[in-house]
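Participant: the following comprises the amino acid sequence and a computationally predicted model.
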Amino acid sequence: QVQLVESGGGLVQAGGSLRLSCAASGRTFTNYVMGWFRQAPGKERKFVAAMRWSSTNTYYADSVKGRFTISRDNAKNTVYLQMNNLEADDTATYYCAARRGDYVADYSQALRYNYWGQGTQVTVSS
């Protein structure tokens, strides 16, 4: 059974940093794309970042490009989201997700992802 467990959320002041972690278990993720999405209250879930487990290619939403970095640790089966220079608009629940299929297309589409974590709250105070 696939499990994705996020951690690392919290309250931070604007301009600060947080690192989210997503511990993945239950299978080998070599042929998966791993993504981070976020959802603010009353709004739809939005793409933040993604990467193929089999390569170092990374993909970002325009709103976080240059501030956020997605990475992984193969030995720990963990995906990270380093968030720097946080803004109030970054406040949301952040979700880790896994999509079957080692291809680039549709990486930003939440409906294409097969597995989701429970989410971790990030609150940025201005």
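Facilitator: Ah, there it is.
Participant: drop to CA atoms for contacts and neighbour counts, all remaining ones
Facilitator: Noted.
Participant: which residues touch the residue nearest the centre of the chain?
Facilitator: Nearest to the centroid of the C-alpha atoms of the chain, with distances taken as CA atoms, centre = their mean, sits residue 36, at 2.0 Å. Contact partners of residue 36, counting by CA atoms under 8 Å, 6 or more residues apart in numbering, are 47-50, 81, 94-97.
Participant: so what's it bridging to?
Facilitator: Listed beta-bridge partners, residue 36: residue 49, residue 96 (assigned using DSSP bridges).
Participant: quick one: buried ones out of the contacts of residue 36?
Facilitator: Neighbour counting with 16 or more other CA atoms under 10 Å marks 47-50, 81, 94-97 as buried within the contacts of residue 36.
Participant: name the nearest residue to residue 1, sequence neighbours excluded.
Facilitator: Once flanking residues are discounted, residue 1 sits nearest to residue 26: 4.9 Å by CA to CA, 6 or more residues apart in numbering.
Participant: show me the contacts for the one you found.
Facilitator: Listed by CA under 8 Å, 6+ apart, the contact set of residue 26 reads 1-3.
Participant: ok, residue 89 next?
Facilitator: Residue 89 is in contact with residue 124, counting by CA under 8 Å, 6+ apart.
Participant: quick check: it is in a helix.
Facilitator: Yes - assigned with DSSP: H, G, I helix; E, B strand; the rest coil, residue 89 falls within a helix.
Participant: separation between the residue of the chain positioned farthest from its centre and residue 40?
Facilitator: Ranking residues of the chain by C-alpha distance from their mean position (CA atoms, centre = their mean) puts residue 126 at the top, at 22.7 Å. When CA to CA, to the nearest Å is applied, the distance between residue 126 and residue 40 equals 16 Å.
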